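Novice: model this:
(chains A and B)
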Number of protein chains: 2
Amino acid sequence: MSLTAVGSIAFDSVRTPFGERERMLGGSAVHFALAASFFTEVRIVGPVGDDFGEAETKVLEDHGVITDDIERVEGGQTFFWRGHYDYDMNIAHTDDTQLNVFADFDPKLSEASREADLLFLGNIDPELQSRVRASCRAAFAALDSMNFWLDSARKALTRAIAEVDCLLLNDAELRELTGEPNLARAARAAMELGPGVVVAKRGEYGAALSSRDQFFAIPGYLLEDVRDPTGAGDSFAGGFLGYLDSRRAAGDSVLNPAALRRAMAYGSVLASFNVEDFGTERVQALSREEIEERLRDFRRITHFEVEPVSGTPARS
Amino acid sequence: MSLTAVGSIAFDSVRTPFGERERMLGGSAVHFALAASFFTEVRIVGPVGDDFGEAETKVLEDHGVITDDIERVEGGQTFFWRGHYDYDMNIAHTDDTQLNVFADFDPKLSEASREADLLFLGNIDPELQSRVRASCRAAFAALDSMNFWLDSARKALTRAIAEVDCLLLNDAELRELTGEPNLARAARAAMELGPGVVVAKRGEYGAALSSRDQFFAIPGYLLEDVRDPTGAGDSFAGGFLGYLDSRRAAGDSVLNPAALRRAMAYGSVLASFNVEDFGTERVQALSREEIEERLRDFRRITHFEVEPVSGTPARS
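Specialist: Numbering: from 1, shown residues only, chains lettered A, B, ... in the order given. You can find the predicted model right below:
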């Protein structure tokens, strides 16, 4: 039972209608690793600069995340993103991106990271995603990406997608990737590229999963207070893959349909906690009990029972 | 067990990427009544012109819809709408609207229509909605509207909403009505206007229900082939209220939480059939067995089970 996450480690400065924060710990690998840490052993791989200190490392290590493969680039600065959200919190507006040490990132994975059972390839250059995939023995690899790579490196991205078992994308990006406006068809077209599992992330509307065995959809866990959606997709992926890895250790196949459905629910729950506060603040303070409680609540507010119908006209 | 539906009866000319049709039977009351007819006795109220013939009436009567209160305006023409959809089928583009007999519509309800247990006020002038509500004895009244009335008659609409038990609106319109960008807060604010039940329709993303007792959300039933979304919202309302009326007859309160959840699922199922073909074509040919089969399928593809977690680290 182990999971390796490769992606960005960042400082994020974010402004939303509900406040702002400067240089919070962020990045796709960080949000993913913290969410997954509630379920399994996670190794995080990514570069940081001199500005990445003990306080940041401690946040990860306090959650049991193994930080041996965080690469410290001397004299460098950590990847930095500044953005804001208006009242439509589904849309991130980027104000500044400084790649810094990320510009020359060449992932170096330790033996332990390469040996992990599951692999998460966060949103980075698809050439790097392919290279990391090839170097790892993971029985199950998942890839996340975004429209930036679709527009600038579609061929490399399509190759990288072909090499993984699971693709996670926003639904608009899935439509763009496949040229299919219909989501069900887009997911099927994406599976034809290689992955046996395709997850369409739909922001506040939830997520939909397609696999060879099933189709599954859940709405988002609706919150009255969304303070900062940054990292929600990576927290979703962390809950999703972290849970799957824990089930794998318990003897289930990663492709067990019931486990995949529950993994989608755990992903949604982790994403819902992520957006309740800025950056990693809420997930840092989270407990497994709170996760289980919200999972039960989520089930309650999304499930209906089918009963034999009585007292209706005998129409057919 | 009886349900009265007041709204538009129309001819629709629709073009989508998958074909086009001229002067199909349509309108909010028609889509609603056909969907509800699978569950309960429906009376339809609305004006038509000389161009509304026996063939159109027969479609309704073949489904058991009582057409006594269809008002035939001599020398008049039936309400006409022409519109098209591009690949984003969530957005209807209106090309032509001819109110015709609808411009002077003054609903006249028979004693039987006024005595119905449930009342559906389709998307018409909110002044008329209020007047009809006041004239009916229905124990439970539901209202649907749209941004046109929000923009042109907000005061009258707010009054009409205050007088009903259930409000159905698109989520964007619910946000506009309440000035609340967050859907959970918007639903709560809408309940403060009067209705004890608020349903946010979210197009392909499903629907969410808020009541004093519960919150409930379901995704849309995802289809590979969506040919014409016109009337989906009214078919949803028809399945939703039709089922609730049937449960009321069986002894349940309209506000029974389990019945409301199942009604949301039936609404989604009817909407999903509606969009499979142009106008009323698919719902006309539908059987109750097909509805029940899709309901079971819908449950299967949206439900997950919560299990005691084993094999995970003892983190908290």
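Novice: so who does A:Glu71 touch?
Specialist: Contact analysis of A:Glu71 by C-beta atoms under 8 Å, 6 or more residues apart in numbering or on different chains lists A:Val45, A:Gly46, A:Pro47, A:Val48, A:Phe105, A:Lys108. For the C-beta atoms, the positions are set from N, CA and C on the backbone; glycine is no exception.
Novice: Could you point out which residue ranges in chain A have low pLDDT?
Specialist: Low-confidence segments of chain A (pLDDT under 70): A:308-316.
Novice: hey, where'd the helices end up in it?
Specialist: For chain A, the helices defined by DSSP state H occupy A:28-36, A:54-62, A:111-114, A:126-135, A:147-152, A:154-162, A:171-178, A:183-192, A:232-249, A:257-274, A:281-284, A:288-300.
Novice: most neighbours per residue, which of these?
Specialist: Stretch with highest mean neighbour count among these: helix A:28-36 (a mean of 32; mean count of other C-beta atoms under 10 Å in any protein chain shown).
Novice: Off-centre distance for that one?
Specialist: 7 Å (C-alpha atoms, centre = their mean, to the nearest Å).
Novice: cool, stretch A:21-29 as well?
Specialist: The chain centroid and the centroid of stretch A:21-29 are separated by 15 Å, computed with C-alpha atoms, centre = their mean.
Novice: what does stretch A:159-175 give?
Specialist: Distance of stretch A:159-175 from its chain centroid, counting by C-alpha atoms, centre = their mean, is 12 Å.
Novice: Now do it: distance from first to last residue.
Specialist: One end of stretch A:159-175 to the other measures 17 Å (C-alpha to C-alpha, to the nearest Å).
Novice: show me what contacts the residue nearest to A:Leu209 when sequence neighbours are not counted?
Specialist: Counting by C-beta to C-beta, 6 or more residues apart in numbering or on different chains, A:Leu209 lies nearest to A:Phe216, which is 4.5 Å off, once chain neighbours are set aside. The contact partners of A:Phe216, taken as C-beta under 8 Å, 6+ apart, are A:Ala208, A:Leu209, A:Leu260, A:Arg261, A:Met264, B:Ile301, B:Thr302, B:Phe304.
Novice: what number of residues lie near the first one?
Specialist: Meaning A:Ala208. Close neighbours of A:Ala208, defined as other C-beta atoms under 10 Å in any protein chain shown, add up to 25.
Novice: Reformat the helices of chain A into CSV and put distance to chain B next to each item.
Specialist: Shown next, in CSV, are the helices of chain A (distance: least, C-beta to the nearest C-beta, whole Å):
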stretch, distance to chain B
helix A:28-36, 11
helix A:54-62, 11
helix A:111-114, 17
helix A:126-135, 25
helix A:147-152, 16
helix A:154-162, 20
helix A:171-178, 9
helix A:183-192, 4
helix A:232-249, 4
helix A:257-274, 4
helix A:281-284, 13
helix A:288-300, 5
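Novice: Find the closest residue to chain B in the stretch 151-300 of chain A.
Specialist: Nearest to chain B in the stretch 151-300 of chain A, going by C-beta to the nearest C-beta, is A:Ala250, at a distance of 3.3 Å.
Novice: The nearest residue to A:Ala134 once chain neighbours are set aside: neighbouring residues, count only.
Specialist: Once flanking residues are discounted, A:Ala134 sits nearest to A:Glu163: 7.4 Å by C-beta to C-beta, 6+ apart. Around A:Glu163 there are 17 other residues, counting by other C-beta under 10 Å.
Novice: I'd like to know how far A:Glu163 sits from A:Phe140.
Specialist: To A:Phe140, A:Glu163 is 12 Å away according to C-beta to C-beta, to the nearest Å.
Novice: Please apply the same query to A:Thr94.
Specialist: Applying C-beta to C-beta, the value for A:Thr94 to A:Phe140 is 32 Å.
Novice: hang on, the earlier thing: identify the residues contacting the residue nearest to A:Ala134.
Specialist: A:Ser130, A:Arg133, A:Ala134, A:Ala141, A:Gly194.
Novice: Which pair of those residues spans the longest distance?
Specialist: A:Ala134 and A:Gly194 (14.1 Å; C-beta to C-beta).
Novice: I'd say A:Ser235 and A:Ala33 touch.
Specialist: No: taking contacts as C-beta atoms under 8 Å, A:Ser235 lies outside contact range of A:Ala33: 10.0 Å.
Novice: So A:Val132 sits against A:Leu121, correct?
Specialist: Yes: the pair A:Val132 and A:Leu121 qualifies as a contact (C-beta under 8 Å) at a distance of 6.1 Å.
Novice: what do the two both touch?
Specialist: Counting by C-beta under 8 Å, 6+ apart, the residues touching both A:Val132 and A:Leu121 are A:Val6.
Novice: Could you find the closest non-adjacent residue to the closest residue to chain B within the stretch 1-150 of chain A?
Specialist: Closest approach of the stretch 1-150 of chain A to chain B (C-beta to the nearest C-beta) occurs at A:Tyr87, with a separation of 4.0 Å. Sequence neighbours aside, B:Pro181 is the residue nearest to A:Tyr87 in space, at 4.0 Å (criterion: C-beta to C-beta, 6+ apart).
Novice: close enough to count as contact, that neighbour and B:Asp171?
Specialist: No: taking contacts as C-beta under 8 Å, B:Pro181 lies outside contact range of B:Asp171: 10.5 Å.
Novice: before we move on, back to that, state the distance from the residue nearest to A:Leu209 to B:Ala232.
Specialist: 22 Å.
Novice: before we move on, what about A:Gln284?
Specialist: 42 Å.
Novice: repeat for A:Leu193
Specialist: Applying C-beta to C-beta to A:Leu193 and B:Ala232 gives a distance of 31 Å.
Novice: Repeat that for A:Ile66.
Specialist: From A:Ile66 to B:Ala232 the distance is 49 Å (C-beta to C-beta).
Novice: again with A:Ser268
Specialist: Taken as C-beta to C-beta, the span from A:Ser268 to B:Ala232 is 25 Å.
Novice: related to what we said a few turns ago, to what extent is the residue of the stretch 151-300 of chain A closest to chain B buried, counted in neighbours?
Specialist: Neighbours around A:Ala250, by other C-beta under 10 Å: 13.
Novice: Same question for the one 4 residues further on.
Specialist: Counted with other C-beta under 10 Å, the neighbours of A:Val254 add up to 21.
Novice: Skipping its backbone neighbours, what lies nearest it in space?
Specialist: A:Val254's closest residue in space is A:Phe140 (C-beta to C-beta, 6+ apart), at 4.6 Å.
Novice: hang on, the one you found packs against A:Phe120?
Specialist: No: contact criterion C-beta under 8 Å: A:Phe140 and A:Phe120 do not qualify, at 9.8 Å.
Novice: quick one, which of these two is more surrounded?
Specialist: Comparing A:Phe140 with A:Phe120 by other C-beta under 10 Å, the one with more neighbours is A:Phe120, at 34 against 21.
Novice: Am I right that the more buried one is in contact with A:His31?
Specialist: No: using C-beta under 8 Å, A:Phe120 is not in contact with A:His31; the gap is 10.9 Å.
Novice: Need the overlap of contacts for these two.
Specialist: Going by C-beta under 8 Å, 6+ apart, residues that sit against A:Phe120 and also against A:His31 are A:Gly238.
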